[in-house]
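Peer 1: what's the 3D shape of this:
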Amino acid sequence: MYNRGGRACCSRASTARVCLGRLNTRKRTGTWHLIAIFAGKIEKERLLGQNNSYFSMQSIFRRVRGRFLKWTERKLRIPIEKGVQIERIGTPYGGWLIPKNRLNETSVCYFVGAGEDISFDAGVAAAYGAQVHIFDPTPRAIAHAEQFLANLINGSPAPCNTSPTGFYPDYSPALASLLHFHPYGIWDDDTTLEFFAPRNEAHVSHSLVNLQRSEKSIKVPVRRLNSVMQQLGHRKIDLLKLDIEGAEYQVINAILKDHIEIDMMCVEYDESAANHLDGKYLLRIEGSLRALLDSGFRVVAKEPDCHNYTLVHTRCL
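Peer 2: Now for the predicted structure:
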C-alpha cells in the first residue's frame, strides 16, 4: 500500500472530490447512478483514512470500475445445496467456508496456494487435528511458512499482515507436527514451468497462466496431484483447497481424469469481471463447476463477493 504525503497528494484529493461531485450532478439513473454510488463510497473511505491507496485519480477510477463490473456481473446458474452446516475458518482475507464437523484426526487435507496468509491451513489443523499439507512454490510464501513454523515451535508470536490483530492466534507448538509445507505447485503434469509475478510488486500471488499479463516470471517445479498423492502415500483427500490464480481449470480437469477420491473441495476461480483472460471467463467457470457437479459434487456454500465455492461429494452428504 502506498501512503503519499504533501501538497501533490492534497491536490489529487481535491481533484477527485470535484470530479466525483460533477459525477453526482448527472441524472441519477442507470449506469451513472451506480458509478456515482461506488465512487462516493471509495472517496468516503479515503477521506476517513480507511483506504490510503486511493490518492491518485487513476487508482480511484480503477477501483470504481472494478466494483461496478463486479456489481453488474452475470450471476452463474449453479444450484447451492441447503441444509449443510457451514463454518468459516481463517482471517477475513485468507479464510474459507467449510462444512462443520466433517474433519477429524484421521483426515488428510491438501491446501494448494498459501501466499502470506495460512490462517485457514493452521486453523483447520488446530480445530480438527487433521494433517494439513500446504503447497506453494512462491519464494515469499515459502519464507512466510518457514517463519510461521519457526515462531510456532519457539512459542513466539507469528506475524500475519492480513489478520486484524497483525498476528496469528497463539497456537500450541504441537501444531507444527500437523503442518507440512511443500515448495512446489500443483498442475496437470510433473514438470517445471514459468510462474508469472503479479503486476503489483506488493502482492505475493504468482500465476501459472499469467492471469495478470505480467512480464516478470520465475521457474518453479510443479506436480500432478495424483503423482503427489502416490509419493505421500495418500489414497484419498478429505479436504482440498485450490487457490492457484487461474490454474484451477487444468488442475480440476486432471483430478476428474484421474478419478481422485476427494470428499470436500474449496475452489477459488480467480477470473473476475475486472481481471480475466478473455470475455468467456464466466463460461469457463460455469463449465468447470458443471464438470464437478456431473462427477458427483454439490455446491454447499459460496462467498458473496467472489467466485469462491465450497463443494461436497454426494457420498458425504
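Peer 1: Between the two ends of stretch 301-308, what distance do you get?
Peer 2: End-to-end distance of stretch 301-308 (CA to CA, to the nearest Å): 8 Å.
Peer 1: what about the chain, any weak spots by pLDDT?
Peer 2: 1-73, 197-215, 273-277 (pLDDT under 70).
Peer 1: what's the domain layout of this structure?
Peer 2: 7-72, 86-316 (automatic domain parsing).
Peer 1: Next, residue 142: secondary structure please.
Peer 2: When classified by DSSP: H, G, I helix; E, B strand; the rest coil, residue 142 comes out as helix.
Peer 1: In contact with it, which residues?
Peer 2: Applying CB atoms under 8 Å, 6 or more residues apart in numbering to residue 142 gives the contacts 136, 181, 183. To be clear about C-beta, it is placed using only N, CA and C from the backbone, and glycine gets the same treatment.
Peer 1: Can you tell me how far residue 291 is from residue 301?
Peer 2: 19 Å (CB to CB, to the nearest Å).
Peer 1: Now residue 286: closest residue in space, sequence neighbours ignored.
Peer 2: Take residue 286 and drop its neighbours on the chain: the residue closest to it by CB to CB, 6 or more residues apart in numbering is residue 76, 5.4 Å away.
Peer 1: Give me the neighbour count for residue 268.
Peer 2: 18 (other CB atoms under 10 Å).
Peer 1: Quick check: phi and psi at it.
Peer 2: phi -100, psi 120 (degrees, to the nearest 10).
Peer 1: quick one: it and residue 248 touch, right?
Peer 2: Yes: contact criterion CB atoms under 8 Å: residue 268 and residue 248 qualify, at 7.0 Å.
Peer 1: Need the residues touching each of those two.
Peer 2: residue 242.
Peer 1: what ranges do the strands span in this protein?
Peer 2: For the chain, the strands defined by DSSP state E cover 86-89, 96-99, 108-112, 131-135, 179-182, 185-187, 191-196, 217-224, 236-242, 261-268, 297-302, 308-313.
Peer 1: other SSEs contacting the fifth one?
Peer 2: In terms of contacts (3 or more CB pairs under 8 Å, 6 or more residues apart in numbering; DSSP states H and E), strand 179-182 is packed against helix 119-128, strand 131-135, helix 139-154.
Peer 1: still on that earlier bit, okay, the contacts of residue 142 in TSV with distance to residue 307 and neighbour count next?
Peer 2: Shown next, in TSV, are these (distance: CB to CB, whole Å; neighbours: other CB atoms under 10 Å):
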residue	distance to residue 307	neighbour count
136	20	29
181	26	20
183	27	16
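Peer 1: ok, so of those residues, who is nearest residue 280?
Peer 2: residue 136 (28.0 Å; CB to CB).
Peer 1: Format the CA atom coordinates belonging to stretch 175-186 as PDB.
Peer 2: Extracted in PDB, the C-alpha atoms of stretch 175-186 (Å, rounded to 0.1, in the frame of the first residue of the first chain):
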ATOM      1  CA  LEU A 175       0.500 -27.800  15.900                       C
ATOM      2  CA  ALA A 176       3.700 -27.800  13.900                       C
ATOM      3  CA  SER A 177       3.500 -31.600  13.700                       C
ATOM      4  CA  LEU A 178       0.300 -31.300  11.700                       C
ATOM      5  CA  LEU A 179       1.500 -28.800   9.100                       C
ATOM      6  CA  HIS A 180       3.600 -30.000   6.200                       C
ATOM      7  CA  PHE A 181       4.800 -27.400   3.600                       C
ATOM      8  CA  HIS A 182       5.800 -28.500   0.100                       C
ATOM      9  CA  PRO A 183       7.600 -25.800  -2.000                       C
ATOM     10  CA  TYR A 184       6.200 -26.800  -5.400                       C
ATOM     11  CA  GLY A 185       3.000 -26.100  -7.300                       C
ATOM     12  CA  ILE A 186       0.100 -28.300  -8.500                       C
END
